[in-house]
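A.B. asks: could you work out the structure for the sequence below:
(one chain, ligands or ions: 1)
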Amino acid sequence: MHAWLNGSLLPDPHGPAITVSDHGMTVGDGVFEAVKVVDGVPFALTRHLARLAFSARGLGLPDLPDAEVRRGVDAVLAQEHLPLGRLRITYTGGVAPLGSGRGDNPPTLVVVADVLAPSAPTTNVVTVPWPRNERGALAGLKTTSYAENVVALAHARERGATEALFANTAGHLCEGTGSNVFYVVDGELRTPTLASGCLAGISRALLLEWHGAREVDEPVEVLADAEEIFLVSTTRDVQAVTRCDGRALEVGPVTEGCRKLWAEREPQDLDP
Ligand SMILES: Cc1ncc(COP(=O)(O)O)c(C=O)c1O
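C.D. replies: Numbers count the residues shown, from 1 in each chain. This next block holds a predicted model:
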């Protein structure tokens, strides 16, 4: 692992570095991105930085210093060739008072690069009893306030799954803790709209461009009738679901087609 903090590489990426009163640490006042690295090159970096800037604006953080972030990315990737890796870019409110109010200090910017294990081709998911709030102040933003996801994922793991699927407050299917969901009904590929409160996933957007799917909001119970279900995300690519809430599913032709399409298109769309 290699880490860069506020303009400098850290001599020890595991050593102490962030101030204890950093607002990202104390109250989750920060935004982040996870970017896949393929053969040393970040995948879809421009899209990720655009979403990071959007999330930062949503929290009212100062404008994201795009060139500075790219310098950090270059610095960590220059330390080690990663055949398959993950960048984590974090931008927080910086050093602040211990309450929710933000201080006057500059933001904190961190870039970390690490190896990424290839994702399994298939997985199990469960729906969770807690809703995503599609009307909340943080809806659609990728913030470091991820403890709800931590709780939901722990719930899923206790049930033998690797992802938890949320409905929103309207009872409509929304997303996973770190993935978007696609499903097939009557042969039609569908995914929740962005109005569901899901994150505007980069993988979701790319699959919609490359393959197409109907964006629609419908009750989460639709999963019980789906012929196929798959997840998409930076770390999972297209991952077939073979068990949802205990119901076994086949890896169907639509999922297989999307998986093949992803494998073909990803190398063409690397974006340094
Ligand atoms: C809540 C949430 N939804 C969806 C996704 C998938 O987004 P992406 O395809 O950009 O990785 C993520 C990614 O981490 C996420 O955290």
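A.B. asks: for the stretch 51-200 of the chain, give me the ranges with low pLDDT.
C.D. replies: Of all residues in the stretch 51-200 of the chain, none has pLDDT under 70.
A.B. asks: how many neighbours does Gly187 have?
C.D. replies: Gly187 has 10 neighbours, counted by other CB atoms under 10 Å. For glycine as for every other residue, the C-beta is placed from the backbone atoms N, C-alpha and C.
A.B. asks: Glu227 is in contact with that one, correct?
C.D. replies: Yes: proximity of Gly187 to Glu227 meets the contact threshold set by CB atoms under 8 Å, at 7.4 Å.
A.B. asks: who touches both of the two?
C.D. replies: The contact sets of Gly187 and Glu227 do not overlap (CB atoms under 8 Å, 6 or more residues apart in numbering).
A.B. asks: which bits of the protein sit near the ligand?
C.D. replies: 34, 142, 175, 178-180, 198-199, 201-204, 232-234 (CB under 6 Å from any ligand atom).
A.B. asks: give the bridge partners for Asp237, please.
C.D. replies: Bridge pairing for Asp237 (DSSP bridges) gives the partners Ser233.
A.B. asks: and it, how far is that from Val181?
C.D. replies: Look at Asp237 and Val181: by CB to CB, to the nearest Å, they are 14 Å apart.
A.B. asks: which one's more surrounded, the two?
C.D. replies: It is Val181, of Asp237 and Val181, that has more neighbours when counted by other CB under 10 Å, with 28 against 21.
A.B. asks: show me what contacts Gly178?
C.D. replies: Under the criterion of CB under 8 Å, 6+ apart, the contact list for Gly178 reads Ala34, Asn149, Leu153, Glu163, Ser233, Thr235.
A.B. asks: would you confirm that Leu223 belongs to a helix?
C.D. replies: Yes: membership of Leu223 in a helix is supported by DSSP: H, G, I helix; E, B strand; the rest coil.
A.B. asks: what's the residue closest to the geometric middle of this structure?
C.D. replies: Gly178 (4.6 Å; CA atoms, centre = their mean).
A.B. asks: that residue: what secondary structure?
C.D. replies: Gly178 is classified as coil under three-state DSSP.
A.B. asks: nearest spatial neighbour of the residue in the stretch 1-150 of the chain that the ligand sits nearest to, skipping sequence neighbours?
C.D. replies: As assessed by CB to the nearest ligand atom, the ligand sits closest to Ala34 within the stretch 1-150 of the chain, at 5.4 Å. The spatial neighbour of Ala34 that comes closest, neighbours along the chain excluded (CB to CB, 6 or more residues apart in numbering), is Thr234 at 5.1 Å.
A.B. asks: give me the neighbour count for the one you found.
C.D. replies: When counting by other CB under 10 Å, one arrives at 21 neighbours for Thr234.
A.B. asks: tell me the contacts of it?
C.D. replies: Residues in contact with Thr234 (CB under 8 Å, 6+ apart) are Ala34, Val35, Lys36, Phe43, Arg86, Ile202, Ser203.
A.B. asks: same deal with Phe43?
C.D. replies: Contacts of Phe43 (CB under 8 Å, 6+ apart): Val35, Lys36, Val37, Thr234, Glu266, Asp269, Leu270, Asp271.
A.B. asks: hmm, 6 Å instead?
C.D. replies: Lys36, Leu270 (CB atoms under 6 Å, 6 or more residues apart in numbering).
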